[in-house]
Each structure stands twice: as structure tokens, then as C-alpha cells.
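[1] The following comprises the amino acid sequence and a computationally predicted model.
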Amino acid sequence: QVQLVESGGGLVQAGGSLRLSCTASGRTLSNYLMGWFRQAPGKEREFVAAISRSGRSTSYADSVKGRFTISRDNAKNTVYLQMNSLKPEDTAVYYCAADRISTVLARTAEEYDYWGQGTQVTVSS
């Protein structure tokens, strides 16, 4: 079993940037396809981005494409989400997740096996 801990959330003005980190312990992160999801108050959890085990393939939700970048450093057991040009509608709790089985990038929460506790991102207008 892998334990995931997110960090890097906070309060930022619209147009600003944040970088989220997700550090794993208990297992080698390179064995897992990784994803970022977010959940705003009163809304369902939604897919943000995913990255393959090697880091060579990525996938993004249309709402963040061109603004967010997912990356990973397997040597540091860490996955990142660089968020630029933030908008108030990006406000949510952001979760990282690990998928141990899928061989293609997964965009639904049900495909992920392990989750972090989440980190709050608030974008003010």
C-alpha cells in the first residue's frame, strides 16, 4: 500500500501560480500511474490531470489544458502539479491519486486505488 501526502496549496490571486506536490511513502511511486483530481464545494470530484509511470505521457481536463502541467520525479517519489494563470473557478480541494493497475491514463476516480488527504487551493478574484 502506498501513502500519499499533498502539499503546496494556499490562497492566491487570479492570474497567479501555485505548485502542488504529492509525495509517496510505502511503495516506489514509479509502479503507479498518477493523477490529480479536485473537488469544489457542492460539486463532484473531477479529473484534472494524469501522468504515466515513466512520465512520458500526460492527459489533462479541457478546463486546465494549457495552464496546468503535471510532472513526476520518481527518484524523489513525488508528483507535481504546476498551476499557472489560476482562475477563481479553480478553487477546490486538490487530491493526488495512484493507480496500480491501469496501463492507459485513467481519467475517472474509480480507477485509482490510493488517495491523499487533499490540499486546499483558493483563488481570489
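    Good, I have the coordinates.

[2] what's the nearest residue to the residue most central in space within the chain if we skip its chain neighbours?
    For the chain, the residue nearest the mean C-alpha position is residue 36 (2.3 Å; CA atoms, centre = their mean). Excluding the flanking residues, the one nearest residue 36 by CB to CB, 6 or more residues apart in numbering is residue 48, at 4.3 Å. C-beta coordinates here come from the backbone N, C-alpha and C atoms, glycine included.

[3] Quick one, grab the pLDDT at the one you found.
    Predicted confidence (pLDDT) for residue 48: 98.

[4] Residue 21: how many residues sit nearby?
    Residue 21: 17 surrounding residues under other CB atoms under 10 Å.

[5] which residues does the residue of the chain most remote from its centre contact?
    The centre of the chain is farthest from one residue, residue 125, which by CA atoms, centre = their mean lies 22.7 Å away. Neighbouring residues of residue 125 by CB atoms under 8 Å, 6 or more residues apart in numbering: 14, 88.

[6] Just give me the neighbour total for the residue nearest to residue 36.
    25.

[7] same check, this time on residue 121
    Residue 121 is flanked by 22 other residues according to other CB under 10 Å.

[8] That one contacts residue 95, doesn't it?
    No: contact criterion CB atoms under 8 Å: residue 121 and residue 95 do not qualify, at 10.9 Å.

[9] joint contacts of these two?
    Residues within reach of residue 121 and of residue 95 at once, by CB under 8 Å, 6+ apart, are residue 38.

[10] Export only the CA atoms of stretch 43-63, formatted as PDB.
    What follows is stretch 43-63 as a C-alpha-only set of coordinates in PDB (Å, rounded to 0.1, in the frame of the first residue of the first chain):
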ATOM      1  CA  LYS A  43     -19.600  19.600  -6.700                       C
ATOM      2  CA  GLU A  44     -18.400  16.100  -7.600                       C
ATOM      3  CA  ARG A  45     -14.800  15.200  -7.700                       C
ATOM      4  CA  GLU A  46     -13.400  15.900 -11.200                       C
ATOM      5  CA  PHE A  47     -10.300  14.800 -13.100                       C
ATOM      6  CA  VAL A  48      -7.600  17.400 -13.600                       C
ATOM      7  CA  ALA A  49      -4.500  15.600 -15.000                       C
ATOM      8  CA  ALA A  50      -2.800  12.200 -15.200                       C
ATOM      9  CA  ILE A  51       0.700  11.000 -15.900                       C
ATOM     10  CA  SER A  52       2.100   7.700 -17.000                       C
ATOM     11  CA  ARG A  53       4.600   5.700 -14.900                       C
ATOM     12  CA  SER A  54       7.500   6.900 -16.900                       C
ATOM     13  CA  GLY A  55       6.300  10.500 -17.200                       C
ATOM     14  CA  ARG A  56       6.300  10.400 -21.000                       C
ATOM     15  CA  SER A  57       2.600  10.600 -21.400                       C
ATOM     16  CA  THR A  58       0.200  13.000 -19.800                       C
ATOM     17  CA  SER A  59      -3.500  13.800 -20.000                       C
ATOM     18  CA  TYR A  60      -5.500  17.000 -19.000                       C
ATOM     19  CA  ALA A  61      -9.000  18.100 -18.500                       C
ATOM     20  CA  ASP A  62     -10.000  20.600 -21.100                       C
ATOM     21  CA  SER A  63     -10.600  23.200 -18.300                       C
END
